[in-house]
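Participant: Pasting a predicted model and its sequence here:
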Amino acid sequence: QVQVVESGGGLVQPGGSLRLSCVASGFTLDYYTIGWFRQAPGKEREGVSCISVGDDITYYADSVKGRFTISRDNAKNTVVLQMTSLEPEDTAVYYCAAALGSGYTCYKPYEYEYWGRGTQVTVSS
């Protein structure tokens, strides 16, 4: 069965950190562009961070630059989103998505083929 599963969400205070993981089964993430997207209540889904296939070029939304880091662990078939200095505005459901090959951006979530069910991140004191 082909799927991606997110984990690592939770409740954290402002300024705190969380580490989200995206684990794939049924396919190898090495060949896929991976994106982390998020959706807050009443808002559209937005691209947070993406990592391309092969050259591992990364993209970050302006709102998370310097705070979030995306990386691959091919041995574990996993992509990690390390989030630091979290802000209440980061509260959302975070989704991992995969698109085969390269040439994808974080601006077009509809281009991504495989999606997880999401993990809730809540930043609140």
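Facilitator: That came through fine.
Participant: Spatially central residue for this structure, please.
Facilitator: residue 36 (2.2 Å; C-alpha atoms, centre = their mean).
Participant: who's it bridged to?
Facilitator: Counting by DSSP bridges, residue 36 forms beta bridges with residue 49, residue 96.
Participant: can you check residue 69 too?
Facilitator: Beta-bridge partners of residue 69, as defined by DSSP bridges: residue 82.
Participant: Wait, it touches residue 81, no?
Facilitator: Yes - the criterion here is C-beta atoms under 8 Å, and residue 69 meets it with residue 81 at 7.4 Å. Just so you know, the C-beta spots here come from the backbone N, C-alpha and C atoms, and that holds for glycine as well.
Participant: Find residues that contact each of those two.
Facilitator: residue 49 (C-beta atoms under 8 Å, 6 or more residues apart in numbering).
Participant: that older thread, residue contacts, the residue nearest to the centre of the chain?
Facilitator: 20, 22, 47-50, 70, 79, 81, 94-97.
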